[in-house]
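Peer 1: predicted coordinates and the sequence they were generated for:
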Amino acid sequence: MSDERVQRRLSAILAADVVGYSRLMGLDEVGTLARLKSCRAEVIDPHVAGHGGRMVKLMGDGALIEFASAVDAVVCAIEIQNDMAERNAGLPEAERILFRIGINVGDIIVDGDDIYGDGVNIAARVEALAEPGGIHLSHTAWDQVRDRIPISIEDAGDQSVKNIARPIRVFRVILNDDVPSGSGARAGTAIKAPPVKKSSIAVLAFDNMSGDADQEYFSDGIGEDIITDLSKLSDLHVIARNSSFAYKNQSISIPAVAAELGVRYVLEGSVRRAGNRVRVNAQLIDGENGGHIWAERFDRDLTDIFAVQDELTQHIVAALKIHLTPDDEDRLAHKTTIDIDAYNLFLRAREQTWFHTRLGNIEARKLLESALEIEPEYAAAHARIALGVASIWSRDLPRALAESERCLALQPGSPEGCLALAHAQIFDGQAEAALDTIDTYMKLDPHYPDLTLHFLAEAHISLGQYEDALAALLRRLERNPTSATGHALIASCYGNLGRIDEGRAALDSLHRIDPDFSIERRRNTLPFRNPEDFERRIDGMRKAGLNV
């Protein structure tokens with residue numbers, strides 16, 4: 001393979017192998033081949049295609065499949081193994097086809113349609129460790145799916161495997177809530193994403209059918225308003241906009257999306273706006289089987305858009321048989337009718353805030369101020385301008401806590417409220433409570449931004465849990481390698497753990513990214529109520545070699 005032909009990319013690799021292939025062929029060659037062909041056509045190929053996988057190699061006793069996403073690879077593997085378990089039920093043992101599956105995320109070398117490299121080799125070695133009918137993940141694969149798929153995991157520890165110099169950390173997927181098997185692997189603690197006991201739903205971005213890309217803000221706004229309304233219900237778990245809108249403009253499988261987000265139901269729809277008329281289509285789908293539960297089309301005057309949103313919410317509540325408390329009914333009631341021009345300005349402003357840029361925030365403020373000129377009592381516009389987070393940076397922590405808690409009282413499923421509350425709790429010395437709040441936030445927003453991992457690390461550091469903090473920070477740097485604050489806290493963790501060489505390396509990275517990093521500036525900025533919480537961070541950096 002010449003240098004000119006070498007291409008590399010990061011992929012999720014699924015390796016599968018037929019258990020006891022030689023024995024099966026020896027017992028019944030023709031029958032075994034026929035059953036394998038049927039399994040591939042009816043189970044493997046449909047699931048691989050449904051999750052965007054590419055069949056790289058199909059051997060007599062196994063397969064090698066490439067995915068762009070670890071989530072797709074793992075969900076696909078679970079579906080395959082569950083379907084195979086159903087097919088094998090009641091069959092004589094000699095006729096059962098069982099697969100071992102291993103999944104790794106790593107760098108691969110591409111040569112035409114074939115792939116090579118450690119990324120492939122490790123997937124094959126992890127697969128060999130799996131029990132018949134089981135799935136094993138490498139550490140890199142587990143890191144990619146751990147907060148995105150509600151599955152049970154057994155930590156099988158470090159495993160030494162053939163032709164791989166270093167031990168591989170392996171995790172076993174526990175299928176169908178079985179108990180850890182201990183088959184050839186060191187038993188570990190079962191790790192499971194806590195199940196959501198409430199009804200759960202994700203509202204996808206509504207398709208803009210207006211034929212005008214400039215109307216995208218309006219279709220997005222309809223979906224986001226429905227999320228906001230549903231989040232007010234205490235008995236409904238609603239995925240945050242940040243996560244549910246991540247699938248916008250993608251060809252998706254609703255069951256796969258539901259599995260990734262950990263929800264039972266998915267709402268999708270479209271908006272067509274023409275002059276003073278608007279048409280909204282919406283479908284409520286069961287995420288377990290893709291079946292439609294309810295669908296409706298609304299053709300209304302544009303000024304009736306708020307009534308459409310109310311009706312949509314009520315239809316969803318009825319379809320999911322959600323019991324509304326008096327507080328829920330009060331939260332859902334629209335107290336006023338907003339001028340449609342002010343609403344348009346609000347939607348455009350909200351769109352600008354999602355860019356998370358200085359210019360976007362400036363433009364958003366101008367638009368919100370224009371909306372308030374039309375509707376001076378527009379509560380949502382006032383709230384968008386003055387968030388509770390502002391109280392944190394003015395060092396008014398009691399007010400920041402009160403405003404965040406008030407936000408959650410009015411909208412129990414507000415991800416923004418959870419994140420603001422966690423931030424205030426960290427600075428107020430309530431690190432244990434912050435961990436619980438962050439856990440709630442991560443369930444609401446499975447595709448959470450990397451800043452969430454920073455908050456998680458901050459809470460662990462305040463509790464002296466430096467290993468846990470370090471793990472969160474390293475995950476953050478995978479997403480955002482130029483985070484100066486991330487490198488600073490990593491240096492602190494290494495220092496407090498006595499890993500001085502690694503701490504010095506983190507400080508070197510910090511100074512390359514931010515040559516003007518200043519402890520005093522951080523001391524004057526961060527509003528810790530307890531000075532010792534800040535000093536704990538600085539002590540670690542001193543131990544790592546920072547001169548302050």
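Peer 2: Perfect, I can see it now. Residues are numbered from 1 along each chain as shown.
Peer 1: in the stretch 51-200 of the chain, which spans are strands?
Peer 2: Remark: strands assigned in the stretch 51-200 of the chain by DSSP state E, counting those that start in this stretch are 54-59, 62-67, 99-111, 114-116, 135-138, 152-159, 168-174, 190-192, 199-203.
Peer 1: what's the angle between the first one and strand 99-111?
Peer 2: Direction vectors for strand 54-59 and strand 99-111, defined by axes from the mean of the first three to the mean of the last three CA atoms, to 10 degrees, enclose an angle of 110 degrees.
Peer 1: pull the residues that contact strand 54-59.
Peer 2: Outside strand 54-59, the residues within contact range by CB atoms under 8 Å, 6 or more residues apart in numbering are 40, 45, 48, 63-67, 113-115. Using the backbone N, CA and C atoms, a C-beta is placed for each residue, glycine as well.
Peer 1: from the residues you listed, which is closest to residue 146?
Peer 2: The nearest member of the contacts of strand 54-59 to residue 146, counting by CB to CB, is residue 67 at 16.8 Å.
Peer 1: which residues touch that closest one?
Peer 2: So, once contact is read as CB under 8 Å, 6+ apart, residue 67 ends up touching 11-14, 51-54, 73, 76.
Peer 1: who's it bridged to?
Peer 2: residue 12 (DSSP bridges).
Peer 1: what's the burial count for residue 453?
Peer 2: Using other CB atoms under 10 Å, residue 453 has 26 neighbouring residues.
Peer 1: same question for residue 359.
Peer 2: The local packing of residue 359 (other CB under 10 Å) involves 9 other residues.
Peer 1: now swap in the one 3 residues further on and tell me
Peer 2: Residues contacting residue 362 under the criterion other CB under 10 Å number 11.
Peer 1: ok, now residue 473?
Peer 2: 29.
Peer 1: ok, it touching residue 455?
Peer 2: No - assessed by CB atoms under 8 Å, residue 473 is found out of contact with residue 455, at 11.0 Å.
Peer 1: residue 282 in helix, strand or coil?
Peer 2: strand (DSSP: H, G, I helix; E, B strand; the rest coil).
Peer 1: would you mind measuring from residue 106 to residue 239?
Peer 2: According to CB to CB, to the nearest Å, residue 106 stands 29 Å off from residue 239.
Peer 1: between the two, point out the one with more neighbours.
Peer 2: Taking other CB under 10 Å, residue 106 and residue 239 do not tie; residue 239 has more neighbours (31 against 18).
Peer 1: quick check, the more buried one in contact with residue 201.
Peer 2: Yes - between residue 239 and residue 201 a contact is recorded at 7.2 Å, counting by CB under 8 Å.
Peer 1: between the two, which contacts overlap?
Peer 2: Shared contacts of residue 239 and residue 201, defined by CB under 8 Å, 6+ apart, are found at residue 263.
Peer 1: returning to what we had before: distance to residue 272 and mean pLDDT for the strands of the stretch 51-200 of the chain - can I get that in a markdown table?
Peer 2: Putting those into a markdown table (distance: least, CB to CB, whole Å; pLDDT from 0 to 100) gives the following:
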| stretch | distance to residue 272 | mean pLDDT |
| --- | --- | --- |
| strand 54-59 | 36 | 86 |
| strand 62-67 | 35 | 91 |
| strand 99-111 | 40 | 89 |
| strand 114-116 | 44 | 85 |
| strand 135-138 | 43 | 94 |
| strand 152-159 | 44 | 80 |
| strand 168-174 | 43 | 88 |
| strand 190-192 | 43 | 33 |
| strand 199-203 | 18 | 91 |
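Peer 1: among those, which comes closest to residue 468?
Peer 2: strand 190-192 (13.5 Å).
Peer 1: show the contacting residues for the residue nearest to residue 65 when sequence neighbours are not counted.
Peer 2: Leaving aside its sequence neighbours, residue 65 sits nearest to residue 14 (CB to CB, 6 or more residues apart in numbering; 4.4 Å). By CB under 8 Å, 6+ apart, the contact set of residue 14 is 53, 63-67, 73, 76-77, 101-103, 123.
Peer 1: quick one: mean pLDDT over the helix or strand residue 490 falls within.
Peer 2: With secondary structure defined by DSSP states H and E, residue 490 is part of helix 484-497. Per-region confidence: helix 484-497 scores 94 on mean pLDDT.
Peer 1: tabulate the CA atom coordinates of it in CSV.
Peer 2: Only the C-alpha atoms of helix 484-497 are listed here, as CSV (Å, rounded to 0.1, in the frame of the first residue of the first chain):
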residue,chain,number,x,y,z
ALA,A,484,-7.9,26.9,28.8
THR,A,485,-10.0,26.4,31.9
GLY,A,486,-10.1,22.7,31.2
HIS,A,487,-6.3,22.4,31.0
ALA,A,488,-6.0,24.5,34.2
LEU,A,489,-8.3,22.2,36.2
ILE,A,490,-6.6,19.1,34.8
ALA,A,491,-3.3,20.5,36.0
SER,A,492,-4.9,21.0,39.4
CYS,A,493,-6.2,17.5,39.5
TYR,A,494,-2.9,16.0,38.6
GLY,A,495,-1.2,18.1,41.2
ASN,A,496,-3.6,17.0,43.9
LEU,A,497,-3.1,13.4,42.9
